[in-house]
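J.: Predicted structure and sequence below. I'll ask about it afterward.
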Amino acid sequence: MKKAARMLLVLAGAAGSAQAQSPVTIYGIMDAAIVGERGGKEGAVTKVTSGAAAASRIGFKGSEALGGGLSAFYTLEMGVKIDSGQVDATGTLFNRQALVGLKGSFGSVALGRQYTPYHNTLVQVVDPFNTGYAGTAKNLFPHFGSNIRTSNTVTYFSPRVRGLDVELAYSAGEQSDSSGKRQFGGAVGFVDGPLTVRLAYNSKNGDAASGFVRSRNTLLGAQYRLTSLTLHAGYGIDRGPDSSPLGNPNNPYGGVAPTPSSDGREVLLGVTVPFKQGKLMASIMHKDDRTAFNQDGSSWGIGYLHALSKRTGLYASYAHIRNRNGAGFTVANNTEAGTGNTGYNLGIRHSF
């Protein structure tokens, strides 16, 4: 931790001195909540959690004009735990994003640790909770691990032309066998006034021990903005042994351990409603496990974010899951997988 703190001080100082040459932005989110979880073998759990709505973070980003409409850009972003003051990934400083790239009329290309097209579609289009709070889509959708972000990644974002845009990502597994842990994905989006539609695909290989078996995730999302509310919808297809990992793999309900689905479908319907000084969020979801185990799940969630200012807000969220045939889905939040089938968050978040 002392080494990480020294590194941050050096970076902050460098950022301050560099502003005379090119703009450097220091940004972040500080989020902390009281979290309650019920229904699992751990019993009633109440705790203070960092990043229940949006993961707490500190980041540095900037760009430099190179002439001819071309510019270079970078982002360095680390996760922090407000409840303990620690970094949220031991041994890794910039665990959230670390990238550098070029941007021009062709779009943008970046190299480093980055978000997947699957994640971008789920958080930006499908989920009214933006994959945070107790109502997060990750309660049933496979939004964990390398489905969120990958290292050793090359990405391309096209400019939007007549409402259409394309996103591509390739992550090298960097193992002795070049195909081990290799991952690639993409998304095609269309925006027409209040309507946004996006189709994302993600494919990843196992390692040599698994025989390099491939797992795939496909996600179709839609969002429609009305005057008084925004409608959300998503449909996911998962195939392969690592396509749908459980958020909490530690048998949260005891008894016979649940089996992660290798052939499943998810559906989400949600809404976001501006309300007084904030917004109301709600969704219902269903997981259809098409394996012989038939471990389905259904859930609903509701939440409210109340704005005290443009940068500070208070929030409350509640969600419940109904597991079937020994399924092991748990109520999560942005940074934790959860321990039971019911959960709530009462928190505060501040951005800078």
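T.: That came in fine, so what should we check first?
J.: can you give me the strands in the stretch 251-352 of the chain?
T.: Along the stretch 251-352 of the chain, counting by DSSP state E, counting those that start in this stretch, strands occupy 261-275, 278-289, 297-307, 312-323, 342-351.
J.: Oops, could you answer that again for the stretch 101-250 of the chain instead?
T.: Listed in chain order (using DSSP E, counting those that start in this stretch), the strands of the stretch 101-250 of the chain are 107-115, 149-157, 164-171, 183-192, 195-205, 214-225, 230-244.
J.: Using TSV, lay out those strands together with distance to Gly69, mean pLDDT and mean neighbour count.
T.: Every residue, glycine included, has its C-beta placed from N, CA and C. TSV is the format used below for the strands of the stretch 101-250 of the chain (distance: least, Cβ to Cβ, whole Å; pLDDT from 0 to 100; neighbours: other Cβ atoms under 10 Å):
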stretch	distance to Gly69	mean pLDDT	mean neighbour count
strand 107-115	12	98	18
strand 149-157	16	97	19
strand 164-171	18	98	18
strand 183-192	23	97	19
strand 195-205	27	97	20
strand 214-225	31	97	20
strand 230-244	34	97	20
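J.: Would you reformat these as JSON lines and include distance to Ala307?
T.: Converted to JSON lines, the strands of the stretch 101-250 of the chain look like this (distance: least, Cβ to Cβ, whole Å):
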{"stretch": "strand 107-115", "distance to Ala307": "26"}
{"stretch": "strand 149-157", "distance to Ala307": "28"}
{"stretch": "strand 164-171", "distance to Ala307": "30"}
{"stretch": "strand 183-192", "distance to Ala307": "26"}
{"stretch": "strand 195-205", "distance to Ala307": "23"}
{"stretch": "strand 214-225", "distance to Ala307": "19"}
{"stretch": "strand 230-244", "distance to Ala307": "17"}
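J.: for the protein, what are the low-confidence residue spans?
T.: Screening the chain residue by residue with the criterion pLDDT under 70, one finds the ranges 1-22, 175-178, 208-211.
J.: And the nearest residue to Trp300 once chain neighbours are set aside, how close does it get to Ala134?
T.: With Cβ to Cβ, 6 or more residues apart in numbering as the criterion, Trp300 has its nearest non-adjacent residue at 4.8 Å, and that residue is Ile284. Ile284 sits 14 Å away from Ala134 when distances are taken as Cβ to Cβ, to the nearest Å.
J.: Between these two, which has more neighbouring residues?
T.: Comparing Ile284 with Ala134 by other Cβ atoms under 10 Å, the one with more neighbours is Ala134, at 31 against 15.
J.: The residue nearest to Trp300 bridge partners, please.
T.: Beta bridges link Ile284 to Leu269, Trp300 when assigned by DSSP bridges.
J.: Then Ser261?
T.: Residues in a beta bridge with Ser261, per DSSP bridges, are Ser244.
J.: thinking Asp88 is in contact with Ser50, fair?
T.: Yes. With contact defined as Cβ atoms under 8 Å, Asp88 reaches Ser50; the gap is 7.4 Å.
J.: So for those two, which residue has more residues nearby?
T.: Here Asp88 and Ser50 are compared on neighbour count by other Cβ under 10 Å; more neighbours surround Ser50, at 24 against 19.
J.: Quick check: beta-bridge partners of the more buried one?
T.: With DSSP bridges applied, Ser50 shows beta-bridge pairing to Ala32.
J.: hang on, it packs against Asn333?
T.: No. Applying Cβ under 8 Å, one finds Ser50 not in contact with Asn333, separated by 10.1 Å.
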